[in-house]
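A.B. asks: I would like to see how this sequence folds:
(chains A and B)
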Amino acid sequence: MRKGLVEQKGVWIGKPVRRIEDRRLLVGKGLFVDNLRPGPMLHLAILRSPYAHAKILKIDSSEALKQAGVVTVLTGEDVAKMTKPFPVGVLNPPKYYCMAVDKVRYVGEPVAAVVARDRYVAEDALELIDVEYEPLPAVVDPEEAISSGAPLLHEELGTNVAWHRTLKYGNVDAAFSQADRVVSLKLRFPRYTSAPLEGYGVIASYDEATGKLTIWSNFQGPWTMYAIAVNSLNVPEEKVRHIVPPDIGGGFGIKSSMYPYLVLVAIAAIKAKATVKWIETRREHLMASSTHPDRIQYLEAAIKNDGTVLGIKTTLLDSIGAYIRAPEPCSILRTLGNFVGPYRVQNLLIDAYSIHTNKCPTGPNRGLGCPHLYFGWERLMDTIADILGMDPAEVRFRNLIQPEQMPYVTPTGGIYDSGDYPRALRLALDMIEYDKIREEQRKAWRDGRYIGVGIGIGVDPAVSNMGYVTVAIPPEVRARRDYLPKSGSRNRARVKMASTGKVVVSVDVNPQGQSHETTIAQIVAEELGVRPEDVEVDCSMDSLEFWTVSSGTYSSRFAASQASAVALAARKLKEKILQIASYFLDARVEDLELKEGYVCVRDEPSRAIPLRRIAGAVYWNPSQLPKEIEPVLEATATFDIPTLKPPDENDRLNSSGTYGFVADIAKVEVDIETGIINVLKFVSVHDVGRVLNPMIVEGQVHGSIMHGLGGALYEELIYNDEGQLLTTTFEEYLCPTAVEALRDIKVGHIESPSPYTVLGAKGVAEASSETTPACIANAVEDALKPLGVKIRELPLTQEKVWKLIKEAKKLA
Amino acid sequence: MKKRIRVKVDGVFYEAEVEPRVLLVHFLRDYLDITRVNVGCDTGHCGACTVLMNDVSVKSCQVFAVQADGAEIMTVGSLAKDGTLHPLQEAFNEYHALQCGYCTPGMLMSAYFLLKRNPNPTEDEIRRAIAGNLCRCTGYINIIKAIRAAAERMQSMR
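C.D. replies: Prediction:
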């Protein structure tokens, strides 16, 4: 066994325990927001802008209001009166409201909303609202948006640059002067979205008598974004109750940005003095919910002739859409601590821009910034290999951080907690039989077939530091006395024994399919010596209960953070149970153990008491217990990853709490007559620390590979030059189906437990979504190497690949 | 303008007055409160709302409620009998073929319809049969395995 590997597995932890959640979902009893029926409801529909950029000259809703069943109409005028602009973590942001106030800046931006008896009536009434627009020229490309003469989205800013900082680490000039050569790349990473199958949904209820507002939504957290949203309402936060049901139909970060619709539906409820429901349609979702930014990246690397990368200079041009919306500039800053990926590079110059364009506002999407980041790194590694005539795997081994360097502090301030990257990459290469593919490839090329193999590796950050976005503010501003720093990341758990001896757990998460109920039941069962089916877990959230700004399910935080809090709370409860049992069994606490629903005296099986007896005594007959024993079978614990501090004065920041590792390798064949890419084989090796449930972990890996594959091959939110979105249904926005699902896929693991989490677990759910796009791009370029095709952008649609091949043939 | 319709859903008769434009899925969800049929799009691409209408699978967002007058609708609610899960549901649990569970009711109905017509499908036949049902969580791999396993189990139960 190597150092750091977990040898023992638990009774329940580490086992493929079947999911508890499935019981309700398999029979169609999921508690999704659209299934909630909190009394009589009105329904809201939204009129959206047909223009990418236009002045609103006039809105006339008088005809709509005459329609039977229409209760009220909201326009930008109401919004400007009833709400404040949403805050965001950059200096001098433009005003962003939940609805256009004077101008529309992207196709699909809300312009008016109708509240009516039912959704059909509301949709009818939208057509009766007369809006007069003055169309303006639009800009969709971030580079064009910052060139002179580009139309300005927000005139008051005088620029389309929403945010810009130049970040320097190490000594870049020295690195470039010591270099044998410099490699340059210009890359484009497209807009795509994980497009959860359930869109957004919000129900808001206003009680005029008490001034209380209740909101139900399928928001996934972080609750910072809830706090920000609610703060823009003219209703004090303590008068607002926010409830998130236990089932959300997919999230993937798309439901984690600041949710403008919480506010839009809330003010509709206030204006209508009623309960109002809005469920997003697919068209609305693709036009106007969220996506990650498209990015243009310039990358220059100073390299040695042995493949060592000494330093990089990079310019990131993120097209963040019409408004900078919290938590942007997350797509850049969330990746700060792991900006060097798995490589030892010390010298960096990052020139980072968030740029306004006439597109939908952006935010997290599975992998948050890492798919972009590793597309850059992994395309660079292959380009270096190509230039130096080295094998792509060899270039990576040359630059990898070594296991003895762990915990490793990156030049940008990340603290990589554990890992053995060379070993994990070696395992992936072995699993796919890399050397064999290279032989097969040479033969295939001779036969006129194009087989390629591509590697995509990355460090997978999890548990976002709540302070990461503050790097958006320059250090001299952060140093001011009145500046309030932000940092940390917390979860809480309450573990309680019912009078029956069964266990009830509540937590502060908003799962969207990540199987928290099952994993929590496993952990509690392990700690308290019961069975998972004896543990009831509540994964709904209610703002009347506990929450902090970091609550929610996002940034792959569950296994590292929430699971830690659950284990700690269960251990606290265990102490209480043992104390009571020691009284009944007349034994010392240290001689007791919990096993199969009993507290037993170690090595004396006859001296045992069932948990239900202990619970019974506490609930039904507490007076019999000695005074020093508190008759409460409940424990609460909070957990904070200790390494999450605010950024320092040199902009160094540990942006995430744990860092896993992923190595994806794909074998592909490209048909050069048609441009069709066939993924023949896929291997994915992960180091997620301790694996809590291998079945669930593998499910997350499959899903994240598929998102990466979708982004690599099919999915793109395409805008034309006028800013019209061309992909507004699943007819044009091509999600992979079962026919495209991988046929030959193998998942491998090594386990390097995190020293910073209670169970040693790290995140998993985003890892392959970060590396698969690069891995596929590398494999395709590798396959087409005899033709000299260079891959600089995604997705690799059949048409695009066919054109690249045609161009390359022409040149040859 | 409204039309009175009578529909049998999972063995229960319902009567209601609906406008001709009301979609079957909205009729089920909003008129009958049958929320075990989900909506993932309204263009017939995602399959979340798949039900059987007179034993044939349909996407209930592509059918008007009035077209279902006199019809028998089967949703995922009909699969489990007396609290015992259908072999498909059992296999979906065993093979971890669902995560968020939003596509699951529609996915199960497409799989059920496949196995009714073809009790012993090949992997490719399974893939094609559920190609009209999107899942954004699982990458389909475990869904395909689960359907295959359920088919085998149902064959051996015959």
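A.B. asks: SS state for the residue of chain B found nearest chain A?
C.D. replies: Evaluated by Cβ to the nearest Cβ, chain B has B:R36 as its residue closest to chain A, separated by 2.5 Å. All C-beta spots, glycine's among them, are computed from the backbone N, C-alpha and C. The assignment at B:R36 comes out as coil when based on DSSP: H, G, I helix; E, B strand; the rest coil.
A.B. asks: list the contacts for it?
C.D. replies: Shown here is B:R36, whose contacts under the criterion Cβ atoms under 8 Å, 6 or more residues apart in numbering or on different chains are A:27-29, B:75-77, B:105.
A.B. asks: quick one: those residues as a markdown table, columns for pLDDT too.
C.D. replies: Converted to a markdown table, the contacts of B:R36 look like this (pLDDT from 0 to 100):
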| residue | pLDDT |
| --- | --- |
| A:V27 | 98 |
| A:G28 | 97 |
| A:K29 | 97 |
| B:T75 | 98 |
| B:V76 | 98 |
| B:G77 | 97 |
| B:P105 | 98 |
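A.B. asks: next step: those restricted to helices.
C.D. replies: Using DSSP state H, the subset of those located in helices is B:P105.
A.B. asks: need the max-distance pair from the contacts of B:R36.
C.D. replies: Spatially, the most separated pair among the contacts of B:R36 is A:K29 and B:T75, at 11.6 Å (Cβ to Cβ).
A.B. asks: which of the two has more neighbours?
C.D. replies: Between A:K29 and B:T75, B:T75 has the larger neighbour count (other Cβ atoms under 10 Å in any protein chain shown), namely 23 against 16.
A.B. asks: touching, A:E440 and A:I451? I think so.
C.D. replies: Yes - in this structure, A:E440 is within contact of A:I451 by Cβ atoms under 8 Å, at 6.2 Å.
A.B. asks: who has more neighbours out of the two?
C.D. replies: When neighbours are counted by other Cβ under 10 Å, A:I451 comes out ahead of the other of A:E440 and A:I451, with 22 against 15.
A.B. asks: what helix or strand is residue 17 on?
C.D. replies: Just going to use chain A. Element membership of A:V17, judged by DSSP states H and E, is empty: it is in no helix or strand.
A.B. asks: oops, I was thinking of chain B
C.D. replies: strand B:12-18.
A.B. asks: okay, that strand in CSV with CA atoms only?
C.D. replies: Taking C-alpha atoms only, strand B:12-18 is exported to CSV below (Å, rounded to 0.1, in the frame of the first residue of the first chain):
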residue,chain,number,x,y,z
VAL,B,12,-59.3,5.7,-12.7
PHE,B,13,-62.0,7.5,-14.8
TYR,B,14,-61.9,11.3,-14.8
GLU,B,15,-64.3,13.8,-16.5
ALA,B,16,-63.6,17.4,-17.1
GLU,B,17,-64.4,20.4,-19.3
VAL,B,18,-61.3,21.6,-21.2
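A.B. asks: so what strands line up beside it?
C.D. replies: Here strand B:12-18 is paired, per DSSP bridges, with strand B:3-9 (antiparallel).
A.B. asks: give the buried residues for the partner strand.
C.D. replies: Applying a neighbour-count criterion of 16 or more other Cβ atoms under 10 Å in any protein chain shown, one finds B:5, B:7, B:9 buried in strand B:3-9.
A.B. asks: from the middle of its chain, how far away would it be?
C.D. replies: Its chain's C-alpha centre lies 19 Å from the corresponding centre of strand B:3-9 when counted by Cα atoms, centre = their mean, to the nearest Å.
A.B. asks: likewise for stretch A:103-110?
C.D. replies: With Cα atoms, centre = their mean as the basis, stretch A:103-110 stands 25 Å off its chain's centre.
A.B. asks: any idea how far A:Q178 is from the residue nearest to A:D180 when sequence neighbours are not counted?
C.D. replies: Leaving aside its chain neighbours, A:D180 sits nearest to A:N305 (4.4 Å; criterion: Cβ to Cβ, 6 or more residues apart in numbering or on different chains). Distance, A:N305 to A:Q178, using Cβ to Cβ, to the nearest Å: 12 Å.
A.B. asks: one more: A:N693?
C.D. replies: Applying Cβ to Cβ, the value for A:N693 to A:Q178 is 48 Å.
A.B. asks: who has more neighbours, the two?
C.D. replies: Between A:N693 and A:Q178, counted using other Cβ under 10 Å, the more crowded position is A:N693 (25 against 13).
A.B. asks: in space, what's closest to B:H45 - neighbours in sequence excluded?
C.D. replies: When the adjacent residues along the chain are set aside, B:H45 lies closest to A:F730, with 3.5 Å between them (Cβ to Cβ, 6+ apart).
A.B. asks: packing partners for the helix or strand A:G711 falls within?
C.D. replies: Here A:G711, judged by DSSP H and E, is contained in helix A:694-713. Contacts of helix A:694-713 with other secondary structure elements, assessed using 3 or more Cβ pairs under 8 Å, 6 or more residues apart in numbering or on different chains; DSSP states H and E, are made with strand A:677-687, strand A:745-749, helix A:767-783, helix B:141-157.
A.B. asks: so what's A:P786 up against?
C.D. replies: When the contact criterion is Cβ under 8 Å, 6+ apart, the partners of A:P786 are A:445, A:450.
A.B. asks: do that again at 6 Å, thanks
C.D. replies: With contact taken as Cβ atoms under 6 Å, 6 or more residues apart in numbering or on different chains, A:P786 is in contact with A:W445.
A.B. asks: so it, which of the three states?
C.D. replies: Going by three-state DSSP, the state assigned to A:P786 is helix.
A.B. asks: for the stretch 451-600 of chain A, what lies in contact range of chain B?
C.D. replies: Where the stretch 451-600 of chain A comes near chain B, counting by Cβ under 6 Å from any Cβ of the partner chain, the residues are A:512-513.
A.B. asks: so where's the stretch 451-600 of chain A uncertain?
C.D. replies: Low-confidence segments of the stretch 451-600 of chain A (pLDDT under 70): none present.
A.B. asks: returning to that earlier point: out of the buried residues of strand B:3-9, which one sits closest to A:N218?
C.D. replies: Taking Cβ to Cβ as the measure, A:N218 sits nearest to B:V9 out of these, at 25.9 Å.
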